[in-house]
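Undergrad: prediction below, plus the sequence it came from.
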Amino acid sequence: MDMVQTLLLAAGLASVLGMVVMAFAGPSSQKELQRRVLAVRERHSESASAKVEAQMRKAIANRKPRFNQSGEELTKTQMLARRLAMTGKHWTVAQFTQIVVGLGLAVAVLVYLRSGQVMMSLFIGSALGFGLPHMVVGHFIKRRLSQFTARFPDAIDLLVRGLRSGLPVTETLQVVAKEVPGPVGEEFKLVTERIKIGRSMEDALQESANRLQTPEFNFFCITLAIQRETGGNLAETLSNLGAVLRSRSQMKLKIRALSSESKASAYIVGSLPFLVFLMIWWVNPAYLAGFFAEERLMIAGLGGLLWMAIGVFIMAKMVSFEI
C-alpha cells in the first residue's frame, strides 16, 4: 500500500470515527438542566420583566420551527430557486444549470488544450464551473441584502409615522412599498400583494422572511407577532426596533472600518500562493507537472493547501464579529 492510499484510508477512518461519536453522543445534560431551571423560574416568578422575557422567548420559539420546517422541506432544486430569487434577478434554475455546464466545459477544454492532462482539466473545469456561478450569485445576494438592511430602518420610520397618523398596518405597508425604493419597496410590495389575494399578514411576512433570511426582517416579524399576542402600542414598539437596527448598522460599520486592514492582509496572504502557482504553470507547465504526477509532491501540495486553509480560517475568524 503506497503513501497516498494510506493517507486516504486514515482520513476515511477518522471521518467514520467522528460520525460514530456524533451519532452516539447524546444531548448535553448541563444544558438540559439549565433549560428546566429557567422554565421553573419563569413559571413561578412574579416579576413583570421575567414574564415579558418568557413571552418573547415563547413567541420566538413558536416561530423558529416554521423557519426550520420550511428549510427542511425544500428540495435541492427549490433551494437553488430560492437562492436565485434572493438575488432580485429573473434567473431560473434551467438558465443557471446551462451556465454551470457551459462554463465548466469551456474551462476544461481550454486547460486540456494548454496542458494535455485530462484529469486536471476535468478537475479545474468542474471547480470553476460550479464555484464561479455560485460566487456570482452570492455576490448579488450579499449586495441586495446590504441594500435592504440599509433602507429597512427608513421603512420602519415610515411605518411608525403612518401608524401614529391613524392608518392601519396594511395601508402603511402599501405606503412603504410605494415610497421606499430598492429591495425594501420590492419586498413590501410582494407582502401587500399576498395580503390582497387573501393571505394573512403573518403568513405574507413569513414568506418574505424565508426569502430574505436576514436578522433585521426576522426581528420585524417577531415584533409584530409579540404585539399581536400581548397588545400594546405598535408604533412605539416599531420605533424602538428602528433605533436598535440603526445602532446595529452603526456598529457593523465601525467593525468594518477597524477590521479592513486585517481583511486586506488576509486576502493578500491567502491569494498570493495560488496566483504565483497559476502564473508559473501558465508560463512553464512542465516545471509544476510533478505536483500532478509524483506522490511526494502531491502530498506536499495537499499539506500546503491544508495549512493554507487553516490559516485563512483562523484569520477569517479573527476579523469576523457577530452583532
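TA: Good, I have the coordinates.
Undergrad: so where do the helices sit in the stretch 1-150 of the chain?
TA: Using DSSP state H, counting those that start in this stretch, the helices of the stretch 1-150 of the chain run over 3-24, 29-44, 48-72, 76-85, 93-115, 118-164.
Undergrad: comparing the ones you listed by mean pLDDT, which bottoms out?
TA: Among those, helix 48-72 has the lowest mean pLDDT, at a mean of 49.
Undergrad: what's around Ala150, how many residues?
TA: 13 (other C-beta atoms under 10 Å). C-beta here means a position set from N, CA and C on the backbone, and glycine is covered the same way.
Undergrad: where's it relative to Leu80, distance?
TA: From Ala150 across to Leu80, the span is 27 Å (C-beta to C-beta, to the nearest Å).
Undergrad: repeat for Leu190
TA: For Leu190, the distance to Leu80 (C-beta to C-beta) stands at 20 Å.
Undergrad: repeat for Glu229
TA: For Glu229 relative to Leu80 (C-beta to C-beta), the value is 35 Å.
Undergrad: could you check which of those two is surrounded by more residues?
TA: Set side by side, Glu229 and Leu80 show more neighbours around Leu80, with 17 against 13, by other C-beta under 10 Å.
Undergrad: pull the contacting residues for the residue nearest to that one when sequence neighbours are not counted.
TA: In space, and not counting its chain neighbours, Leu80 is closest to Val93: 5.5 Å by C-beta to C-beta, 6 or more residues apart in numbering. Counting by C-beta atoms under 8 Å, 6 or more residues apart in numbering, Val93 makes contact with 77, 80-81, 84.
Undergrad: can you give me the helices in the stretch 151-300 of the chain?
TA: Going by DSSP H, counting those that start in this stretch, the stretch 151-300 of the chain shows helices at 169-179, 183-196, 201-212, 215-230, 234-283, 295-318.
Undergrad: hmm, Trp91 is touching Ala81, no?
TA: No - contact criterion C-beta atoms under 8 Å: Trp91 and Ala81 do not qualify, at 9.1 Å.
Undergrad: how deep is Ile141 tucked in, by neighbour count?
TA: Ile141: 19 surrounding residues under other C-beta under 10 Å.
Undergrad: tell me the contacts of it?
TA: 83, 86-87.
Undergrad: just Lys189 next, same as before
TA: Ala177.
Undergrad: repeat for the one 5 residues further on
TA: For Arg194, the contact set (C-beta under 8 Å, 6+ apart) comprises 203-204, 207.
Undergrad: now swap in Glu261 and tell me
TA: Contacts of Glu261 (C-beta under 8 Å, 6+ apart): none.
Undergrad: do the one 5 residues further on as well
TA: Under the criterion of C-beta under 8 Å, 6+ apart, the contact partners of Ala266 comprise 312, 315-316, 319.
Undergrad: from those residues, which would you call buried?
TA: 315, 319 (16 or more other C-beta atoms under 10 Å).
Undergrad: so which of the contacts of Ala266 comes closest to Val107?
TA: Distance to Val107, by C-beta to C-beta, is smallest for Val312 among the contacts of Ala266, at 23.3 Å.
Undergrad: with adjacent residues omitted, what lies nearest to the closest one?
TA: Val312 sits nearest to Gly270 (C-beta to C-beta, 6+ apart), 4.6 Å away.
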